[in-house]
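**Q** Predicted model, plus sequence, below.
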Amino acid sequence: MLALGVLVQLSHALTGTGPAAPIEDDLYMATEMGAALVCLWRAVAVRAERLAWSLMAAYLLLWGVADGLWVWVLDEDTAPIPNVSDAFFLGSYVAAYAGQVVLLRARLRPFRPSQWLDGLVVGLGLSAASAVAFAPILELTDGAPLTVGTTLAYPALDLLLLTTVAVAFAMTGWRPGATWTLLGASLVLTALADGLWSLMESADSYEAGTLVDVMWPASMLCAAIAAWTPARRRRADDDGLVGAILPAGFGLASLAVLVVAAVGDVTPVASGLAALALLAAFARAGLTYRENLALLRHSRAEALTDGLSGLGNRRRLMDDLDDALAHREPTVLGFFDLDGFKAYNDSFGHGAGDVLLRRLGRELDAAVAGHGRAYRLGGDEFCVLLRGDDEALVAGASRALTAEGDGFAIGASCGAVVLPRDAGSATVALQLADERMYAAKASRRGSTRRQARDLLLQVLVEREPDLREHLGGVAALALAAGRRLGLDNEQLDEVVRGAELHDVGKVAVPDGILGKPGPLDDEEWAIMRQHTIVGERILAAAPALRPVAALVRASHERWDGGGYPDGLAGEAIPLGARIITACDAYDAMRADRPYARPVTVEAALAELRRCAGTQFDPRVVEAVVAAVREVERVAA
């Protein structure tokens with residue numbers, strides 16, 4: 001209905017048909033008050049943003065009351081300036097400003113100072129350029145201060161409307177969306193119609209029923225549609241190219257107004273607005289400089305900080321080591337690697353592992369507070385840098401990297417270096433600490449894992465003496481292949497132990513099946529295929545060998561999923577198990593068995609390659625082939 005009323009008034013403006021004076025007739029008033037009621041209806045019916053749309057309804061209602069006073073009460077020729085309608089007109093502006101602010105707060109998160117400063121620059125620059133036209137408007141007044149103030153208040157408040165719209169658009173990153181586009185169009189139409197009307201009045205050229213008169217009801221229609229556009233809360237987006245061009249362009253326009261004011265006749269209002277626009281531009285430049293400094297500091301901090309634990313990272317450690325060496329201050333570098341963390345990850349998942357690393361990082365940081373700084377180098381490796389030359393300080397840090405619970409126990413192996421006594425550069429210091437840490441890890445690990453391994457190997461060899469050579473060959477080849485595949489020391493140790501003990505479950509297989517010269521029947525194969533599960537149970541009984549147990553269970557799985565006992569395929573098979581499978585097959589082909597004669601190196605490698613992609617992981621096969629070639633080259 002409101003749109004129909006606006007179309008009727010537009011038709012009259014374009015064709016001259018319809019009401020004689022739409023600015024004064026009932027149709028115009030109905031359009032105006034109808035738009036106010038639509039906004040009020042939105043405020044009452046929908047709780048979200050109720051205050052914002054109540055203020056916008058108040059803006060339209062005050063405007064409508066003021067127009068009603070002019071239409072039905074006051075005489076345009078005899079009414080004084082100011083009069084009672086001015087109070088309602090000017091009050092409507094206040095409600096419009098407040099409504100925009102409340103709506104911005106409701107729909108945009110967060111408020112970014114840089115964006116509203118951009119909006120101020122654009123709005124004030126636009127207002128300054130528009131205020132150049134104030135001079136002819138001033139000629140309409142009789143020079144009395146109250147009359148001049150009232151007359152200029154309207155264009156000044158209209159210019160402020162433009163400024164608030166520019167700020168709102170800037171706050172959306174110059175992508176306002178449907179609601180703000182409609183609301184902005186409403187307020188811009190109002191300001192534009194007021195300005196054109198004032199200029200026409202000053203030139204005595206205004207005629208009722210023209211397009212200028214249609215702009216006011218069109219403005220009200222846009223506000224009514226905006227009220228019922230679906231509310232979408234959005235973030236203040238990045239400004240993009242438009243956000244850079246618009247403030248710069250209107251800042252230059254403001255500068256141009258000041259230049260013209262210096263050499264020509266420009267109203268004080270235009271000069272003042274231009275000056276304010278330039279001040280806003282300077283403030284924006286200062287804010288940009290401060291934001292860039294903050295961003296630079298944040299980037300530097302991120303570059304030196306481990307993202308998971310919040311501790312210093314490897315780069316921070318190297319910088320601090322260089323500083324300590326440059327000042328020749330006695331400093332202890334402690335290098336830690338967690339023991340049991342891989343098993344914890346395998347048992348509880350990587351998410352739980354990350355939580356544990358964060359907790360241990362916090363405890364390590366607290367343990368060295370006041371004495372130095374803690375770092376995380378990645379994975380489960382931590383470091384500390386402590387003032388002084390007492391290596392005993394590292395023991396307290398080591399205790400912070402311990403955790404124990406149901407089914408797991410985490411400790412830390414440590415290597416310590418005293419600077420500058422033990423090393424003259426950061427790289428050498430870190431390498432030496434790493435070597436000492438792994439020496440300590442190997443020593444401690446040997447007291448548990450090696451003893452269990454030696455015991456089980458002896459059981460196997462006592463039953464089947466020929467296995468010693470086979471298991472040793474598989475282990476040596478698995479070690480060489482694992483190195484080529486980039487396994488770390490902990491993973492290599494597990495692969496070697498798995499290769500040595502992958503047949504431990506055969507202690508439960510009858511001798512008649514193990515030594516049978518011919519093919520096994522179905523029942524015998526069923527018994528044989530249980531040996532990986534038995535081997536896993538045996539190894540899992542020793543806590544130090546639990547990671548190895550999983551490799552033994554999967555040592556007869558196939559890349560294509562046709563293996564046993566679980567039918568795993570592809571990457572689902574642990575990499576260590578894939579290495580053991582290929583190395584075991586190669587060594588078996590090269591061995592003299594009761595049921596088969598040994599084949600040549602070339603034949604064995606050709607068979608591995610033939611079965612790559614079905615029985616074996618192709619990447620592992622290439623690593624095994626390369627390792628065998630390296631052994632042949634060295635032997636030659």
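**A** That came in fine, so what should we check first?

**Q** Just the buried positions in the strand or helix carrying residue 293, please.
**A** Using DSSP states H and E, residue 293 sits in helix 268-303. If you call a residue buried by 16 or more other C-beta atoms under 10 Å, then helix 268-303 has these buried ones: 269-271, 273-278, 280-281, 284. (Each C-beta comes from the backbone N, C-alpha and C, glycine too.)

**Q** now do stretch 199-211
**A** For stretch 199-211, a neighbour-count test (16+ other C-beta under 10 Å) marks 199, 202, 206, 209-210 as buried.

**Q** Equivalent analysis for stretch 583-598, please.
**A** The neighbour-count check on stretch 583-598 (16+ other C-beta under 10 Å) flags 583-590 as buried.

**Q** cool, and stretch 317-325?
**A** 317-318, 320-321, 324-325.

**Q** In helices, which of these fall?
**A** 317-318, 320-321, 324-325 (DSSP state H).

**Q** for those residues, which one is nearest residue 566?
**A** In terms of C-beta to C-beta, no member of these lies closer to residue 566 than residue 317, at 42.3 Å.

**Q** what's the closest of the buried residues of stretch 317-325 to residue 87?
**A** Nearest to residue 87 among the buried residues of stretch 317-325, counting by C-beta to C-beta, is residue 320 at 69.3 Å.

**Q** ok, that closest one touching residue 383?
**A** No. Distance between residue 320 and residue 383: 9.7 Å, which falls outside the contact criterion (C-beta atoms under 8 Å).

**Q** What score does the residue of the chain most remote from its centre have for pLDDT?
**A** Ranking residues of the chain by C-alpha distance from their mean position (C-alpha atoms, centre = their mean) puts residue 78 at the top, at 66.0 Å. pLDDT, residue 78: 72.

**Q** Make a markdown table from the buried residues of helix 268-303 and add pLDDT and distance to residue 226 to it.
**A** Output for the buried residues of helix 268-303, formatted as a markdown table (pLDDT from 0 to 100; distance: C-beta to C-beta, whole Å):
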| residue | pLDDT | distance to residue 226 |
| --- | --- | --- |
| 269 | 71 | 30 |
| 270 | 75 | 30 |
| 271 | 80 | 34 |
| 273 | 77 | 27 |
| 274 | 80 | 31 |
| 275 | 85 | 33 |
| 276 | 84 | 28 |
| 277 | 80 | 27 |
| 278 | 83 | 32 |
| 280 | 80 | 27 |
| 281 | 81 | 30 |
| 284 | 78 | 28 |
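
**Q** And these, which is closest to residue 64?
**A** Lowest distance from residue 64 to these (C-beta to C-beta) belongs to residue 269, with 28.2 Å.

**Q** shouldn't the closest one be in contact with residue 158?
**A** No. Between residue 269 and residue 158 there is no contact under C-beta under 8 Å: 11.9 Å.

**Q** residue boundaries of the strands in this structure?
**A** 108-109, 234-235, 331-339, 372-378, 381-387, 403-405, 408-419 (DSSP state E).

**Q** out of those strands, deepest packed?
**A** Ranked by mean neighbour count under mean count of other C-beta atoms under 10 Å, these are led by strand 331-339, which reaches a mean of 25.

**Q** And the helices in the stretch 101-250 of the chain?
**A** With DSSP state H, counting those that start in this stretch as the criterion, the stretch 101-250 of the chain has helices at 113-131, 134-138, 145-171, 177-202, 211-227, 240-263.

**Q** go on, the stretch 351-500 of the chain?
**A** 393-400, 426-445, 451-463, 467-484, 489-501.

**Q** Would you single out the least confident of those?
**A** Looking at the helices of the stretch 351-500 of the chain, the lowest mean pLDDT belongs to helix 451-463 (a mean of 60).

**Q** follow-up on the earlier one: may I ask which two of the buried residues of stretch 317-325 are separated the most?
**A** Maximum pairwise distance among the buried residues of stretch 317-325 (C-beta to C-beta): 12.4 Å, between 317 and 325.

**Q** what is in contact with the two at once?
**A** Among the neighbours of residue 317, those also in contact with residue 325 (C-beta atoms under 8 Å, 6 or more residues apart in numbering) are residue 426.

**Q** where does the stretch 301-450 of the chain dip in pLDDT?
**A** 391, 442-450 (pLDDT under 70).

**Q** try 50
**A** Where the stretch 301-450 of the chain drops to pLDDT under 50, the residues are 446.

**Q** so which of the strands of the chain comes closest to residue 535?
**A** Going by C-beta to C-beta, the one of those nearest residue 535 is strand 408-419, 22.5 Å.

**Q** Tally up the residues packed near the closest residue to residue 35 other than its chain neighbours, please.
**A** Nearest residue to residue 35 in three dimensions, chain neighbours excluded: residue 220, at 3.6 Å (C-beta to C-beta, 6 or more residues apart in numbering). Here the number of neighbours of residue 220 (other C-beta atoms under 10 Å) works out to 27.

**Q** For residue 392, state which of the buried residues of stretch 583-598 is nearest.
**A** The shortest approach to residue 392 among these belongs to residue 583, at 44.3 Å (C-beta to C-beta).

**Q** So the closest one is in contact with residue 477, correct?
**A** Yes. Applying C-beta under 8 Å, one finds residue 583 in contact with residue 477, separated by 4.3 Å.

**Q** Tell me the residues that contact both of these two, please.
**A** By C-beta under 8 Å, 6+ apart, residue 583 and residue 477 have these common neighbours: 499, 624.

**Q** Okay, domains of the protein per the record?
**A** 2-291, 314-437, 464-635 (automatic domain parsing).

**Q** Those: lowest mean pLDDT?
**A** For the domains of the chain, the weakest mean pLDDT is recorded on domain 2-291, namely a mean of 78.

**Q** Between the two ends of that domain, how far is it?
**A** From its first residue to its last, domain 2-291 covers 47 Å (C-alpha to C-alpha, to the nearest Å).

**Q** sorry, back to before: out of the domains of the chain, which comes closest to residue 300?
**A** Here domain 314-437 is closest among those (C-beta to C-beta), at 10.2 Å.

**Q** got a list of what the residue nearest to residue 35 touches?
**A** For residue 220, the contact set (C-beta under 8 Å, 6+ apart) comprises 2, 31-32, 34-36, 60, 186.

**Q** Count the residues that sit near residue 121.
**A** Using other C-beta under 10 Å, residue 121 has 31 neighbouring residues.

**Q** wait, isn't it in contact with residue 251?
**A** Yes. With contact defined as C-beta under 8 Å, residue 121 reaches residue 251; the gap is 5.4 Å.

**Q** Chain neighbours aside, what residue packs nearest to residue 397?
**A** That would be residue 384: by C-beta to C-beta, 6+ apart, it lies 4.7 Å from residue 397.

**Q** Go ahead and confirm the one you found touches residue 366.
**A** No. With contact defined as C-beta under 8 Å, residue 384 does not reach residue 366; the gap is 11.8 Å.

**Q** quick one: the residue most central in space within the chain from residue 159, how far?
**A** Nearest to the geometric centre of the chain sits residue 307, at 12.0 Å (C-alpha atoms, centre = their mean). Noted for residue 307: a distance of 49 Å to residue 159, by C-beta to C-beta, to the nearest Å.

**Q** what about residue 531, neighbour count?
**A** Residue 531: 24 neighbours (other C-beta under 10 Å).

**Q** got it, and the one 10 residues further on?
**A** The local packing count at residue 541 equals 11, with neighbours defined by other C-beta under 10 Å.

**Q** same question, the one 4 residues further on
**A** Neighbour count of residue 545, defined by other C-beta under 10 Å: 22.

**Q** Please verify my assumption that it contacts residue 539.
**A** Yes. Residue 545 is within contact range of residue 539, at 4.4 Å (criterion: C-beta under 8 Å).

**Q** any shared contact partners between the two?
**A** Taking C-beta under 8 Å, 6+ apart as the contact rule, residue 545 and residue 539 both touch residue 501.

**Q** any idea how far residue 356 lies from residue 345?
**A** From residue 356 across to residue 345, the span is 9 Å (C-beta to C-beta).
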